[in-house]
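Participant: sequence unavailable; structure follows:
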């Protein structure tokens, strides 16, 4: 299985695409971390609501040693790499570029090119 890593600020998440070159979903692995705050325009809107739902469902939890982070308590399947990256980053982003292959360093975006 090809694992991809996304690091932003103090957060570091790992996961893998589901669906090959036609990615539909992206799984973030348990133990990954996410920033606990939203930035800029994303302080309001759907992103905080999605994060709150993950907290309420027990998928995310406050990090035990760092108040700036959440931790994924269990693996979670997102609808896309972008949706996964938004939660990790605490703000909207283009989801395929920041996820880097753990071995080769290649972006998910480039890795998917046939």
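Facilitator: Sure thing, it's come through. Please read these numbers as outputs of a predicted model, since none were measured by experiment.

Participant: which elements pack onto the longest helix belonging to the chain?
Facilitator: Once the chain is assigned using DSSP state H, the helix that runs over the most residues is helix 46-56. For helix 46-56, the helices and strands in contact under the criterion 3 or more C-beta pairs under 8 Å, 6 or more residues apart in numbering; DSSP states H and E are strand 60-62, helix 81-89. C-beta here means a position set from N, CA and C on the backbone, and glycine is covered the same way.

Participant: pick the most deeply packed of these.
Facilitator: helix 81-89 (a mean of 24; mean count of other C-beta atoms under 10 Å).

Participant: helices and strands around the very next helix or strand once past that one, which ones?
Facilitator: As assigned by DSSP states H and E, the chain's next helix or strand after helix 81-89 is strand 100-101. Here strand 100-101 touches strand 4-8, helix 108-111, going by 3+ C-beta pairs under 8 Å, 6+ apart.

Participant: for residue 37, which residues are in contact?
Facilitator: 68, 90 (C-beta atoms under 8 Å, 6 or more residues apart in numbering).

Participant: returning to that earlier point: how far out from the middle of the chain is the longest helix of the chain?
Facilitator: Here helix 46-56 shows a centroid-to-chain-centroid distance of 13 Å under the convention C-alpha atoms, centre = their mean, to the nearest Å.

Participant: sheet-wise, list the partners of the longest strand along the chain with their directions.
Facilitator: Using DSSP state E, we find that the single longest strand of the chain is strand 11-18. Strand 11-18 pairs in its sheet with strand 4-8 (antiparallel), strand 25-28 (antiparallel), by DSSP bridges.

Participant: check which residues of it are buried.
Facilitator: Neighbour counts using 16 or more other C-beta atoms under 10 Å place 11, 13-17 of strand 11-18 among the buried residues.

Participant: what of stretch 24-38?
Facilitator: By neighbour count with 16+ other C-beta under 10 Å, stretch 24-38 contains the buried residues 26, 28, 32-36, 38.

Participant: equivalent analysis for stretch 103-111, please.
Facilitator: Judged by neighbour count (16+ other C-beta under 10 Å), stretch 103-111 contains these buried residues: 107-108, 111.

Participant: let's have the residues you listed in a markdown table, adding distance to residue 81.
Facilitator: Compiled in a markdown table, the buried residues of stretch 103-111 are given as follows (distance: C-beta to C-beta, whole Å):
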| residue | distance to residue 81 |
| --- | --- |
| 107 | 10 |
| 108 | 6 |
| 111 | 11 |
